[in-house]
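[1] sequence and predicted structure below; questions after.
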Amino acid sequence: MSILSLQGISKRYGAVQALSGVTFDVPPGSVFGILGPNGSGKTTLLGIVTDVLKADSGSFQLFGKPGNAMQRRSIGTLLETPNFYHYLSGWKNLEISASIKRRGADDIERVLKVCGLYARRDAAFKTYSLGMKQRLALAAVLLGDPDVLILDEPTNGLDPSGIAEVRGIIHDLARSGKTIILASHLLDEVEKVCTHVAILQRGQLLLSGAVTEVIQRNDFVELSAADNQALSALMLRYPGCNSAVISGSSVIATFDSYPDTAAINGWCANNGIWLSQLQLRKKSLEKAFLELTHTSNS
Ligand SMILES: Nc1ncnc2c1ncn2[C@@H]1O[C@H](COP(=O)(O)OP(=O)(O)OP(=O)(O)O)[C@@H](O)[C@H]1O
């Protein structure tokens, strides 16, 4: 059963079509990245799922059932930085958060430890660094130990060490079995932390699936032999090979599906070409994303 299942979600703000028929499923235990450039509809989508906004059409289910208030209470959401009291300590602020949320009053020590803030629990919020403030926001989300977390741009505005700290917490939460849905426009970030991804552009879903599949679909093979012309011609006859271009001293070959290097090696040898180089090259999610969005623009 999917944790979250979206079917044909559309939303328009006046002349702006923010979401157009978005459909995808979030598997349990995944870290699911909703990725897209600014204005692609990520926040709108999270707003709909958390009942802050209403979709014009389409539907979604949480835990296999139409979303209701009870289910939403079992989800930790961080859509925007909460208004913490500057003169109060981290601990006191969490006491207030727990009473507003009506959950997690006895969970404050744990969430402060998870977010690496326990040592500074009694210091005033205004003395916290930006990274600590964001981790306190995350701590508030974790009150009551929800199984599902929805986070909008959780590393926004942080410096590299702040980003790494938040990423570390997300990794630990994922390892403990939480399902995490997070929106980000940072491709590198999503690649490092997410198991699954949905890519949005101007409200359209371009693609969704496991990050490894999204990247693997774009893997390519770099190979060379004494006669690269002959190698390129041979590779074009290899089943599933859709391009084989000479680049410098190598041939770059791309494929319909994940390339099997052992099979490629065997194919070349059986056809009288002995390879001096054969390497599977991984494209980054960033490269895959840029190609995908470029193709859909053209
Ligand atoms: N309340 C609103 N009124 C009018 N237009 C809106 C409103 N909220 C969002 N939009 C527009 O809808 C589109 C999607 O916005 P949304 O904030 O969901 O995108 P996003 O991917 O989260 O962007 P960002 O990364 O900048 O936060 C944008 O064109 C935005 O300008």
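    On my side now, so go ahead. Here the structure is a predicted model, which is why all the values come from computation and not from measurement.

[2] how about the residues of the protein by the ligand?
    Contact residues (CB under 6 Å from any ligand atom) of the chain with the ligand: Tyr13, Val16, Ala18, Gly36, Asn38, Gly39, Ser40, Gly41, Lys42, Thr43, Thr44, His185. Placement of C-beta: from N, CA and C, glycine included.

[3] so the fifth one: helix, strand or coil?
    So the one you mean is Asn38. Following DSSP: H, G, I helix; E, B strand; the rest coil, Asn38 is assigned to coil.

[4] test my guess that it contacts Leu186.
    No. Taking CB atoms under 8 Å as the definition, Asn38 is not a contact partner of Leu186, at 11.4 Å.

[5] who has more neighbours out of these two?
    A count of neighbours by other CB atoms under 10 Å puts Leu186 above the other of Asn38 and Leu186, at 16 against 7.

[6] pLDDT of the top helix by length along the chain, averaged?
    Looking across the chain with DSSP state H, the single longest helix is helix 160-175. Taken as a whole, helix 160-175 has a mean pLDDT of 90.

[7] give the pairing partners of the following helix or strand past that helix; include direction for each.
    Reading on from helix 160-175 to the C-terminus, the next helix or strand found by DSSP states H and E is strand 179-184. If you go by DSSP bridges, strand 179-184 pairs up with strand 31-35 (parallel), strand 148-152 (parallel).

[8] and the angle for strand 179-184 with helix 160-175?
    With axes from the mean of the first three to the mean of the last three CA atoms, to 10 degrees defining the directions, strand 179-184 sits at 150 degrees from helix 160-175.

[9] check which helices and strands the one helix or strand Thr44 maps to sits against.
    Assignment of secondary structure by DSSP H and E places Thr44 within helix 42-49. Judged by 3 or more CB pairs under 8 Å, 6 or more residues apart in numbering; DSSP states H and E, helix 42-49 is in contact with strand 4-13, strand 16-26, strand 31-35, strand 57-62, strand 148-152, strand 179-184.

[10] could you dump those into CSV with mean neighbour count and mean pLDDT added?
    Listed next are those as CSV, based on neighbours: other CB atoms under 10 Å; pLDDT from 0 to 100:
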stretch, mean neighbour count, mean pLDDT
strand 4-13, 18, 95
strand 16-26, 19, 95
strand 31-35, 27, 93
strand 57-62, 16, 92
strand 148-152, 22, 93
strand 179-184, 24, 93
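
[11] could these go into TSV alongside distance to Val166?
    Output for the helices and strands packed on helix 42-49, formatted as TSV (distance: least, CB to CB, whole Å):
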stretch	distance to Val166
strand 4-13	22
strand 16-26	20
strand 31-35	13
strand 57-62	25
strand 148-152	9
strand 179-184	10
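
[12] any idea what the residue nearest to Ile34 when sequence neighbours are not counted is bridged to?
    With sequence-adjacent residues excluded and distances taken as CB to CB, 6 or more residues apart in numbering, Ile34 is closest to Ala183, at 4.4 Å. Ala183 has these beta-bridge partners by DSSP bridges: Ile34, Asp152.

[13] how far away is the residue minimising distance to the centre of the chain from Thr50?
    Most central in the chain under CA atoms, centre = their mean is Gly33, positioned 1.9 Å from the mean C-alpha point. Look at Gly33 and Thr50: by CB to CB, to the nearest Å, they are 17 Å apart.

[14] would you agree the residue nearest to the centre of the chain is in contact with Asp188?
    No. Using CB under 8 Å, Gly33 makes no contact with Asp188, being 11.2 Å away.

[15] need the contact partners of the helix holding Thr44.
    By CB atoms under 8 Å, 6 or more residues apart in numbering, the residues outside helix 42-49 that reach it are 4, 6, 9, 11, 18-19, 22, 34-36, 53-55, 60, 62, 67, 77, 79, 150, 152-153, 181, 183-185, 200, 203.

[16] what's the angle between that helix and strand 57-62?
    Computed with the same axes, to 10 degrees, the direction of helix 42-49 lies at 70 degrees from that of strand 57-62.

[17] as a check, name the ranges of all helices in the stretch 51-200 of the chain.
    Taking DSSP state H, counting those that start in this stretch, the helices of the stretch 51-200 of the chain run over residues 69-73, 90-101, 108-114, 130-142, 160-175, 187-193.

[18] could you identify which of those helices is most buried?
    Ranked by average neighbour count under the criterion mean count of other CB atoms under 10 Å, those are headed by helix 130-142 at a mean of 22.

[19] same for it, what does it pack against?
    Applying 3+ CB pairs under 8 Å, 6+ apart, we find helix 130-142 packed against strand 75-78, helix 90-101, helix 108-114, strand 148-152, helix 160-175.
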